[in-house]
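Next one to model:
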Amino acid sequence: MRLAISVAIAGLLCFSTYVSAQPNKELQERCGKRAAEAFAREYSPPVLDTDDEQTLFNYENHHSAGLNKCFFLEIAMSYERKLCDCSTSTTTRSTEPS
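Presented below is the predicted three-dimensional model:
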């Protein structure tokens, strides 16, 4: 009987850990909306065109269930027209207030 109770308790602990680690769909959607708003506010229009180069901006977002934070990956691709050189840079930051 004690073995059955111990196995049941261990199963419940494992299940609750598994459920709490799963990403919440509502939080993922909220993260996506906040990232889209931040991108639109900071990178509108998403293309910076000058005589010497063109820079394209994009983003990706990710909600971390473990950290309960929304992360925003800023992507910038620059193309220098004269040198035919392309470079990419990325920056990750949280959309949460510090």
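
rest of the way, CA atoms for contacts and neighbours
OK.

So which residues of this structure form helices?
2-21, 25-42 (DSSP state H).

wait, M77 sits on L56?
Yes. Using Cα atoms under 8 Å, M77 is in contact with L56, at 5.2 Å.

Other residues contacting stretch 30-47?
Contact with stretch 30-47 is made by 54-63, 70-72, 95, as judged by Cα atoms under 8 Å, 6 or more residues apart in numbering.

shared neighbours of M77 and L56, anything?
Common neighbours of M77 and L56 (Cα under 8 Å, 6+ apart) do not exist.

any idea how far N58 is from the closest residue to N61 other than its chain neighbours?
Nearest non-adjacent residue to N61, counting by Cα to Cα, 6 or more residues apart in numbering: F72, 4.6 Å away. Separation of F72 from N58 (Cα to Cα, to the nearest Å) stands at 10 Å.

Compare the two and say which is more crowded by neighbours.
Applying other Cα atoms under 10 Å to F72 and N58 shows that F72 carries more neighbours, namely 24 against 14.

returning to that earlier point: what's the PyMOL line that selects buried ones from the contacts of stretch 30-47?
Remark: buried members of the contacts of stretch 30-47, expressed as a PyMOL selection using 16 or more other Cα atoms under 10 Å:
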select buried, resi 55+56+57+59+61+62+63+70+71+72+95
